[in-house]
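build me a structure from this.
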Amino acid sequence: MINEIKKAIAQNTTTDIVEVQSPETKLNTILSEKKLIFNGKSINPIEIIDSKTLLEQELPPIRFTIEKILPQGLFILAGSSKVGKSWLSLDFCQSVATGEQVWNLNANKGTVLYLALEDSLIRLQTRLRKYSEHGESNLFFSVRALKIRDGLIAQIKDFIKNYPDTNLIIIDTMQHIRNNSSDKNAYVNDYNDMNILRQITNEFNVSLVLVTHTRKLDDPDPLNIISGSTGLVGAVDGVFILEKDTRTGNSAKLTISNRDTDGHVFRLEFNKETCHWRFVEEESETTEVEPLYIFLDELLAKNTFWSGTASELCEEYSRIYSKKYVPATITKKLKSGLEILRQNYNITCAFKTEKNTKLIRLFRKVVESEQE
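Model (predicted):
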């Protein structure tokens, strides 16, 4: 009905104000003018819906590819090099293709496309034999694909039209499908690329997961370590961040942050024999106390003033704790935690430069109960 109204408006060149309602969809769409002209071009009036009508609409519920953690939409799976992202991706693909559970979460069975653009068919075959003896007829692989602006969207849409029950597409890695951009603004370029990929999730009922890397950055917020500008995280529907506890260990943390689901932090363990990430537990929502703040509280327990360089503070910290900080990281943590230190620990932190030396000054405010 809306399309018919648009066609009728396009054929009418008068400028009478008209109010139009669609009895089929009950959309209170007000078209302010039959013809809008912008920079010499005809444009469609904005289509609107009032809140009462919106609440009365019977809209379909959010569709999940993997229960609770992966709905329809555009997502990023990030992790450092060789951390196990591809094994996790293959595990998701196999589970969705077979309809098996992922960590006791139901997977919605459907056709799966895995663009393994860093792999060869030999490597894929070797990995797949860890998961399946005969393979699945609805799990497809490719080691080649065009880039975003060179025809990738058309390729994926063609695949979905040939396999309309497709519900999961994984691209490993995202860097292989991105064009070199002349735009010097990384945020704009990242955001635009994500919007192009969103054409797929807007048109089809699928989950599209982009595998990428994280940066070597010590940050309490995992979203800040994803490689690229904030335009990537801002444009997608959710992120999965896989972080190992130690480089050579088997335990890891998977942080999940989505627009349409609750956030989760899963503790996982990698089984080297089966090459599966095993679910261990879900972390509680209790915020972990920053060890640096505890150290500063102890440092100023007796002497209420400390002054020195960031390097000297790092040395003080390493005498007590096994974890080591670099000066730049400890300075960043201090600056980001000024309010926490003041409110929770009565510690004031100031920065001053004397004779070309950058100093950190820590003051402990002694309350009356402590003086007594």
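
any low-confidence regions in this protein?
For the chain, the stretches with pLDDT under 70 are 1-34, 182-183, 217-220, 284-289, 322-323, 365-372.

what sits against the residue most central in space within it?
When CA atoms, centre = their mean is applied to the chain, the residue found nearest the centroid is residue 239 (2.1 Å). By CB atoms under 8 Å, 6 or more residues apart in numbering, the contact list for residue 239 reads 75-78, 223, 226, 233, 255-258. Yep, even glycine has a C-beta here, placed from its N, CA and C like the rest.

which ones among the residues you listed lie within helices?
residue 233 (DSSP state H).

and for residue 318, the neighbour number?
12 (other CB atoms under 10 Å).

what's the closest non-adjacent residue to it?
Counting by CB to CB, 6 or more residues apart in numbering, residue 324 is the residue found nearest to residue 318 once chain neighbours are left out, at 5.2 Å.

for residue 243, see how far away the one you found is.
From residue 324 across to residue 243, the span is 18 Å (CB to CB, to the nearest Å).

tell me which of the two has more neighbours.
When neighbours are counted by other CB under 10 Å, residue 324 and residue 243 differ, and residue 243 comes out ahead with 15 against 11.

just checking, that one is part of a strand?
Yes - under DSSP: H, G, I helix; E, B strand; the rest coil, residue 243 sits within a strand.

beta partners for it?
With DSSP bridges as the criterion, residue 243 is bridged to residue 253.

pretty sure it sits against residue 265.
No - in this structure residue 243 lies outside contact range of residue 265 using CB atoms under 8 Å: 10.2 Å.

now for the two: what residues contact both?
By CB under 8 Å, 6+ apart, the residues touching both residue 243 and residue 265 are 253-255.

most neighbours, which of the residues you listed?
Result: residue 254 is most packed of those (other CB under 10 Å), 23 neighbours.

surely that one touches residue 244?
No - using CB under 8 Å, residue 254 is not in contact with residue 244, being 10.5 Å away.

how's the protein carved up into domains?
Using automatic domain parsing, the domain ranges for the chain come out as 2-56, 64-282, 291-371.

which of the ones you listed is buried the deepest?
Among the domains of the chain, domain 64-282 has the highest mean neighbour count (mean count of other CB atoms under 10 Å), at a mean of 17.

and that one, how far apart are its ends?
With CA to CA, to the nearest Å as the measure, domain 64-282 spans 20 Å from end to end.

equivalent analysis for stretch 74-88, please.
Stretch 74-88 has an end-to-end distance of 17 Å (CA to CA).

about what we covered before: mind checking the SS state of the residue nearest to residue 318?
Applying three-state DSSP: residue 324 is coil.

and the gap between it and residue 313?
Residue 324 sits 12 Å away from residue 313, going by CB to CB.

who touches stretch 84-104?
65-66, 69-70, 77-79, 107-112, 114, 116, 118-119, 127-128, 131-132, 136, 138-139, 167-168, 170, 172, 209, 211, 242, 244, 252, 254, 266, 270, 275-277, 279.

how does it look with 7 Å?
For stretch 84-104, contacts defined as CB atoms under 7 Å, 6 or more residues apart in numbering pick out 65-66, 77, 79, 107-110, 112, 114, 127, 131-132, 136, 138-139, 167-168, 170, 172, 211, 242, 270, 275-277, 279.

check stretch 352-368 too.
Outside of stretch 352-368, the residues within contact range by CB under 7 Å, 6+ apart are 296, 300, 304-310, 313, 334, 346-351.
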